[in-house]
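**Q** prediction below, plus the sequence it came from.
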Amino acid sequence: MSTPTTSRRLRVVVGEPGLADHDRGAEIVARALRDAGHEVIYAGPHQTPEQVVETAIQEDADLIGLFVLPGAHSTLFTELGRLLRERDADDIVVLGGGMIPEEDVPLLREAGVAKVFTPGAPTTDVTGWVAEYFSDAEQDPAPA
């Protein structure tokens, strides 16, 4: 089975907000997205939602990959979505990852997270979803 591809190289900001010192998941996904041909701006750990949104706007990002540790995911993703709307940048797609309970995924979707990946998800699932999402978006542009 082949992975869908997008017709353009995406700009992706990857970060890990909060006080987490464990950013291995974010680094692995950043590398996988880079290997898939996308331009990745790795913001690193200890970023606030404000810093991630500012970086995404400055870098003209298509996608934000935000990776969180358990506990603060609802607050962090809700704040990120609010800031994107406030800055009129809610066209930037948000992908979430981390130790997020399945029952919290609908809340994150309401906050504007397009897709959530939990620990153990293969990087090919992430890169495949990104390719499919943006391929579909290119084929079905929003009405003017």
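**A** Received, thanks.
**Q** can we go C-alpha only for contacts and neighbour counts from here?
**A** Will do.
**Q** so which bits of the longest helix seen in the chain are buried?
**A** When the chain is parsed with DSSP state H, its longest helix is helix 123-139. Across helix 123-139, burial judged by 16 or more other Cα atoms under 10 Å covers 123, 126-135.
**Q** and the residues you listed, which is closest to residue 63?
**A** When those are ranked by distance to residue 63 (Cα to Cα), residue 130 comes first, at 8.9 Å.
**Q** and the end-to-end length of stretch 84-93?
**A** Stretch 84-93 stretches 10 Å from its first residue to its last (Cα to Cα, to the nearest Å).
**Q** quick one: mean pLDDT for it?
**A** Stretch 84-93 shows a mean pLDDT of 96.
**Q** what of stretch 135-144?
**A** Here the average pLDDT along stretch 135-144 is 60.
**Q** over to stretch 16-31?
**A** For stretch 16-31, mean pLDDT is 76.
**Q** how far does that stretch stretch from one end to the other?
**A** This stretch, stretch 16-31, spans 15 Å end to end (Cα to Cα).
**Q** show me the strands in this structure, by range?
**A** In the chain, the segments counted as strands under DSSP state E are 11-17, 39-47, 63-68, 93-98, 113-117.
**Q** got the angle for the longest one vs strand 63-68?
**A** Yep, that's strand 39-47 we're talking about. Angle, strand 39-47 to strand 63-68, by axes from the mean of the first three to the mean of the last three Cα atoms, to 10 degrees: 30 degrees.
**Q** check which helices and strands strand 39-47 sits against.
**A** strand 11-17, helix 24-35 (3 or more Cα pairs under 8 Å, 6 or more residues apart in numbering; DSSP states H and E).
**Q** now mean neighbour count and distance to residue 59 too, for the ones you listed, in TSV please.
**A** Listed next are the helices and strands packed on strand 39-47 as TSV, based on neighbours: other Cα atoms under 10 Å; distance: least, Cα to Cα, whole Å:
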stretch	mean neighbour count	distance to residue 59
strand 11-17	26	8
helix 24-35	18	16
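**Q** among the ones you listed, which comes closest to residue 44?
**A** Residue 44 sits nearest to strand 11-17 of all the helices and strands packed on strand 39-47, at 4.9 Å, using Cα to Cα.
**Q** hmm, back to that, and the helices and strands packed on strand 39-47: which comes nearest residue 80?
**A** Ranking the helices and strands packed on strand 39-47 by proximity to residue 80 (Cα to Cα) places strand 11-17 first, at 10.1 Å.
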